[in-house]
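A.B. asks: attaching a predicted model along with its sequence, questions to come.
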Amino acid sequence: MISNKKIYDLVIIGAGFAGLYSLYKAKLAKLNVIAIERASNVGGTWYWNRYPGARCDVESMQYSYQFSNELQEEWEWTEKYATQPEILKYANHVADRFKLRENIQFNSEIKSAKFNSDKNHWELINNTNQLIKTKFCIMATGCLSTLNKPKFKNIESFKGEIYHTGNWPHHHINLKNKKVGIIGTGSSAIQCIPEIINEVEHLYVFQRTPHYTVPARNKPLKYLKGKTKKYMREPVGYDNDLFIEEVKYNYSNFRLKAQNSVAAMALPINHQSALNVSKERRETVFEDRWNKGGVPFIAAFEDLNFDREANETAAKFVRNKIKSLVKDSHVAKLLTPDYPIGCKRLAVDSNYYESYNKPNISLVDLKTTPLEEFYAKGINTSKNHYELDIIILATGFDAMTGTLFNIDIEGKNNIKLKNKWSEGPKNYLGLASSGFPNLFTISGPGSPSVLTNMIVSIEQHVNWIFDCIEYMKNNNKNFIEASLKAENEWYKHNQEVSIDHVRSSCSSWYIGANIKGKAKNFMPYVGGYSKYVEKCDEVSKNNYQGFILK
Ligand code: N01
């Protein structure tokens, strides 16, 4: 389907949620467009992350597109937090409903992208050496799409099966009567463990750092199904107990709440400081949030993300919960984090801590007994041999820049993106980097992306880019590049806002700490979604201030 004869107006790399919406917009704008996707189908992260228990930690009614009223009216989510299969079904529905597949080349991976300054276009080469020329390029490559596969000593000697949560096979993996080891205790493992514990003969959890997690309290969504429409309430914001028809009745109001928020999500906000209320009041608020479930826990008080003393009150509350939920006090202690809550992304679980009360689970503490090597039959730590049939790597991703660096991207004057960003991902608004004209990144480093409800952030980025392309067309411009001055200022601002934020107070993938040799900078923009959108709008209103247009 790829043509090497024509010069496309736009090539979109990736057919996840960012790629699909970009393609929709491109078709609407009647651009000559193609999307290139390495997988055999749409869905991006939801295509690859199909491990047992995978589901979203943002509520379904919010983790969905809002660009089409018809789409949001007709689609029926079944649970408060959608499962991976349901989200993938939704992505497929969007691709079919808007006839996007005809413009997607599947099973094709872009290996290099080089800007031809003389001809003012990009030249891309894929895994089958096809050349694709395009005026504009959108990197819709996702933030968590390149696996972190630590180089464990002698990993190749293991004779059993090894799987990574981020690239789980499409066929059923039989875990029955198997001794299984899982390495890592981040969000993926926290979802996977309670699911597989009911199947395996024995599960060994190899933990280096404990993670904070709060209960999801997932439940089926409530539908009126036309019965009592006359009692329909007008939703005025976040309310967990609304019937779906009530949310849909005034979806735009509900969405507006998210637009004006820090995390692009309608959350119940409490503007009090955790330190300005009595201990009893604080415990009541935490208890209420814990019982209602989900990420709103971290918004229990306004200062949990900024004030370490306030943060400690929430951390202590969760530590006490771990103590009360896990029967074995030694295991409970090992599962208890000692760093601020919310620094690593807060996980949302269903029965994670309770899983450790089962007879067929063992927690292996890699802090005191480090993992030394794999061997034919399993894993050796400094203390024990663990015989295993299956090993699951839940070791996460080379986040935000990994996938961009996997593509050999070369801009003006032969600058390679990988070299330019060797000390940190410098760009303007997370959208474009100086030296790389006509190339946009969706939810890239420097934008709120992974700190927000991703679909809302994706739609904002895509809308901004297509407004920009239209502006260029109307003003006879065919070249746009972020200025070095604007990107330096943005990068400086980005780093400044992150200094006092709880998110930069520990070692996490947000700062590239999980990848050996990676520059240690806070990558996503932590200044808040609504402030970020204000800045983007200001830039476009001022004829793309900070960009060079020709
Ligand atoms: O990965 P992680 P993840 N030896 O990087 C350990 C999103 N997500 O896939 O902390 C031993 O968080 C590592 O230990 P440590 C979400 O944004 C969303 O779980 O580095 N252990 C850690 O425990 C999330 O944040 C959803 O000491 C090693 C684990 O592996 C992001 O994806 C669901 C090791 C990696 O945790 C990533 O989550 C799932 C080594 N050499 C994921 N190397 C939802 O929407 C790493 N580890 C709900």
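C.D. replies: Thanks, I have it. Residues are numbered from 1 along each chain as shown.
A.B. asks: and Glu123, what are its bridge partners?
C.D. replies: Under the criterion DSSP bridges, Glu123 forms beta bridges with Lys114, Lys133.
A.B. asks: that one contacts Ser117, correct?
C.D. replies: No. In this structure, Glu123 is not within contact of Ser117 by Cβ atoms under 8 Å, at 11.2 Å. Just so you know, the C-beta spots here come from the backbone N, C-alpha and C atoms, and that holds for glycine as well.
A.B. asks: which of the two has more neighbours?
C.D. replies: Between Glu123 and Ser117, Glu123 has the larger neighbour count (other Cβ atoms under 10 Å), namely 17 against 13.
A.B. asks: which is the succeeding secondary structure element to the least confident helix or strand in the chain by mean pLDDT?
C.D. replies: Every helix and strand of the chain was ranked by mean pLDDT, DSSP states H and E. The lowest is helix 244-249, at a mean of 86. Once the chain leaves helix 244-249, the next helix or strand it forms, by DSSP states H and E, is helix 251-259.
A.B. asks: how about the residues of the stretch 151-300 of the chain near the ligand?
C.D. replies: Applying Cβ under 6 Å from any ligand atom, we find that the stretch 151-300 of the chain lies next to the ligand at Thr165, Ile183, Gly184, Thr185, Gly186, Ser187, Ser188, Ala189, Gln191, Arg208, Thr209.
A.B. asks: so where's the stretch 201-350 of the chain shaky on pLDDT?
C.D. replies: Low-confidence regions of the stretch 201-350 of the chain, defined here as pLDDT under 70, cover residues 227-240.
A.B. asks: let's have the residues of the stretch 151-300 of the chain next to the ligand in a markdown table, adding secondary structure.
C.D. replies: As requested, those are exported to a markdown table (DSSP: H, G, I helix; E, B strand; the rest coil):
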| residue | secondary structure |
| --- | --- |
| Thr165 | helix |
| Ile183 | strand |
| Gly184 | coil |
| Thr185 | coil |
| Gly186 | coil |
| Ser187 | helix |
| Ser188 | helix |
| Ala189 | helix |
| Gln191 | helix |
| Arg208 | coil |
| Thr209 | coil |
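A.B. asks: and those as CSV, adding distance to His271 and neighbour count?
C.D. replies: As requested, those are exported to CSV (distance: Cβ to Cβ, whole Å; neighbours: other Cβ atoms under 10 Å):
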residue, distance to His271, neighbour count
Thr165, 37, 27
Ile183, 41, 23
Gly184, 36, 26
Thr185, 33, 24
Gly186, 31, 21
Ser187, 28, 22
Ser188, 33, 26
Ala189, 34, 27
Gln191, 31, 26
Arg208, 37, 14
Thr209, 32, 16
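A.B. asks: just the strands in the stretch 451-550 of the chain please.
C.D. replies: Shown for the stretch 451-550 of the chain, the strands assigned by DSSP state E, counting those that start in this stretch span residues 480-482, 547-549.
A.B. asks: deepest-packed of those strands, please.
C.D. replies: The highest mean neighbour count among those, using mean count of other Cβ atoms under 10 Å, belongs to strand 480-482: a mean of 22.
A.B. asks: quick one: list the elements packing against it.
C.D. replies: Identification of packing neighbours for strand 480-482 by 3 or more Cβ pairs under 8 Å, 6 or more residues apart in numbering; DSSP states H and E yields strand 547-549.
A.B. asks: the strand it packs on pairs with which strands?
C.D. replies: Strand pairing for strand 547-549, using DSSP bridges, gives strand 480-482 (antiparallel).
A.B. asks: quick one on the thing from earlier: out of the strands of the stretch 451-550 of the chain, nearest to Pro296?
C.D. replies: Among these, the nearest to Pro296 by Cβ to Cβ is strand 480-482 (35.6 Å).
A.B. asks: got the contact list for the closest one?
C.D. replies: For strand 480-482, the external contacting residues (Cβ atoms under 8 Å, 6 or more residues apart in numbering) are 412, 427-428, 431-438, 468, 472, 544, 546-549.
A.B. asks: how about a cut-off of 7 Å?
C.D. replies: With Cβ atoms under 7 Å, 6 or more residues apart in numbering as the test, strand 480-482 has contacts from 427-428, 432-434, 437-438, 468, 472, 544, 546-549.
A.B. asks: chain neighbours aside, what residue packs nearest to Leu431?
C.D. replies: Spatial nearest neighbour of Leu431, excluding adjacent residues (Cβ to Cβ, 6 or more residues apart in numbering): Phe440 at 5.6 Å.
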